[in-house]
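**Q** pasting the structure only:
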């Protein structure tokens, strides 16, 4: 018993108290900023190096839904127009808001409709489905329950059964072999329900986009309520995105 | 015995391989297998010519590595299965059958690996079935009760005891190997990073070794050290996650959350170095992208010192808790003999007393100059797998501290040249789960035309099946977590 208490004391106070203003490592790549200057004549080096076609040059636009937050474009740009900051507030309820231009200062999801907020504002239970995810996003979603992030304190939790869930969280590019289980799981969630896409794979297919092993029909047939970009997204991107979405 | 002796990361010309007639090939492979070799690859180097195949074989005891080539008549791609005598090859043969239409005759258990309908055609898959009074079947998955990857488990039980566990995977199949062939270099690194997102460093390290060996690129010592430090950070982080998992599965919440806190410190150290908590973006062909400087070393050392101090206290608590030991000891045991026969690798093999660690048996990068110790335990149960994690964390911490205190000077990044034409290379690294094999083959222009990946999970899933035999079904989560295998790495 005394040893257990010692362990508890050793834990100290590791929790991120203020999830909206946390300090991430200097090098962490979150929201990019684009300097308001024209690209050098005829230069499209950033677009040429991008493995996932997330960036266009002149004017520079970065689609965070496609972006894997690698440092290639930042490195390639001769004019040093692109810089990835450690701002982790990048979740959005609209796909088009994920496209970063020189005017983008921040990304915040709009608050969900009042009905959704009334239903889920204080308690949101989610069923996660990994549909071809590499376990990167899954590890970061699991990290949400550790002592550092402790998402449970906001009433947001992952549950085992879709019947207990208010929505699903999809990770991975949605493989053919998971398309049907995903549909069955979604159908089992009672209405009203929300869909959250986590990670570049689920939002845009990542490097697997051209693979013939994917079946992404589900995304065309259903309305997506929240996009959480990243490869994988930082746990705080997920928490702050959801909190804004449910109006907290 | 016509086999080509090679080294880990040694580029060889394809014409050095002697493609002997089918029967010679089968005899040579069998001979190697009975001399203690393990199969690490079985596939045609040229996709357009499935009749010519190579078997890559490794003998960890003698640190030998060799390639045996065989020529089959194209209209008769069949052979007497090795798996009858050498169960370790059974899954490789299934894979060969599924991908290239081979028929392993008298194969004990020919089944789909990743694509449900290739081997079976339209026929439904039949699970192994136990019949009799009071016998029941439990089906779990593909979607599990938690934030985990998908896979299907079918238990045949009598009362609480599991008699057989069949594991059906392939749900995560994204076509990684095929994508490698059409990708450019930046895309390939990203593919390697996403092969198994919990083993970013392990897979990317193997992939970079492949490309650098093909192009005869030398890596600076400082870059090599940074690579291996990253690999050990990944190992520590995932071992902490595994220990937290087993503690969680026996209800020891304080221990689970303590390990979880330490894991955060370790992956944040990787973020201090590379900007990503999983080390994405760190590796480039010819070196690494990010360097140590006094600032990030300070951050990292501070975190790792906390880990080094606290992990001792937590380990002591866990491994002296009677409640934990009762659950761990003799649970999900795999005997050393079975482990060898089915070809277990990595942590799972070492916990059965098998000395098999790529960093030691086939050293690469800075492990050639700065060795790590081979650590094995003998009981092969949940206890051994958990305890081994704790011991390996200590060893990895020792390695990292030693490396960071004696950082060599020099460039961290060079350029990779063009790949040798019509050549091949076998690269093995020791990911935190175990042996990761990447094999590439190039054409006349030096373009990669065949790419084969073997994640340690490919070998070890069957180990989990064996561990469950005569084990209570309620111990499944604990056994599963003690192996902590990858679905994405298996399914590719």
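**A** Structure received. Just so it is clear, the structure is predicted and the values come from calculations on it, not from any experiment. Numbering: from 1, shown residues only, chains lettered A, B, ... in the order given.

**Q** which residue sits closest to residue A:72, ignoring its sequence neighbours?
**A** Nearest in space to residue A:72, with sequence neighbours left out and distances taken as CB to CB, 6 or more residues apart in numbering or on different chains, is residue A:49 at 4.5 Å. C-beta coordinates here come from the backbone N, C-alpha and C atoms, glycine included.

**Q** which residues touch the one you found?
**A** For residue A:49, the contacting residues are A:72, A:73, A:75, A:76, B:186, taking CB atoms under 8 Å, 6 or more residues apart in numbering or on different chains as the criterion.

**Q** Tell me if the last one really is in a helix.
**A** Yes. Remark: residue B:186 belongs to a helix, assigned using DSSP: H, G, I helix; E, B strand; the rest coil.

**Q** which residue sits closest to it in space, ignoring its chain neighbours?
**A** For residue B:186, ignoring the flanking residues on the chain, the nearest one in space by CB to CB, 6+ apart is residue A:51 at 4.4 Å.

**Q** Backbone torsions only: list them for whichever residue of chain A sits closest to chain B.
**A** Per CB to the nearest CB, residue A:136 is where chain A lies closest to chain B, at 2.7 Å. Listed backbone geometry of residue A:136 is phi -70, psi -60, with angles given as degrees, to the nearest 10.

**Q** That one: neighbouring residues, count only.
**A** When counting by other CB atoms under 10 Å in any protein chain shown, one arrives at 29 neighbours for residue A:136.

**Q** now the contacts of residue A:49: which count as buried?
**A** Applying 16 or more other CB atoms under 10 Å in any protein chain shown to the contacts of residue A:49, the neighbour count classes A:72, A:73, A:76, B:186 as buried.

**Q** quick one: which of those is nearest to residue B:278?
**A** Here the nearest of the buried ones among the contacts of residue A:49 to residue B:278, counting by CB to CB, is residue A:72; it sits at 16.9 Å.

**Q** who does the strand ranked longest in chain A pair up with?
**A** Counting residues, the longest strand in chain A under DSSP state E turns out to be strand A:124-130. The strands beside strand A:124-130 in its sheet (DSSP bridges) come out as strand A:156-158 (parallel), strand A:167-171 (parallel).

**Q** quick one, what contacts the residue of chain A closest to chain B?
**A** A:199, A:231, A:232, B:194, B:197, B:198, B:200, B:278.

**Q** Of those residues, which belong to strands?
**A** Restricting the contacts of residue A:136 to those inside strands, with DSSP E as the criterion, leaves an empty set.

**Q** Around residue 152, count how many other residues there are.
**A** Just going to use chain A. By the other CB under 10 Å criterion, the neighbourhood of residue A:152 contains 11 residues.

**Q** switch to chain B, that's the one I care about
**A** 19.

**Q** For it, give me the pLDDT.
**A** Listed pLDDT for residue B:152 reads 91.

**Q** now do residue B:221
**A** Among the per-residue scores, residue B:221 holds a pLDDT of 92.

**Q** Spit out the contact partners of it.
**A** Under the criterion of CB under 8 Å, 6+ apart, the contact list for residue B:221 reads B:366, B:369, B:408, B:410.

**Q** wouldn't residue B:477 be in contact with residue B:250 here?
**A** No. Contact criterion CB atoms under 8 Å: residue B:477 and residue B:250 do not qualify, at 9.4 Å.

**Q** Settle it for me: which of the two has more neighbours?
**A** Using other CB under 10 Å as the criterion, residue B:477 and residue B:250 rank with residue B:250 on top: 22 against 17.

**Q** Good, we can wrap up now.
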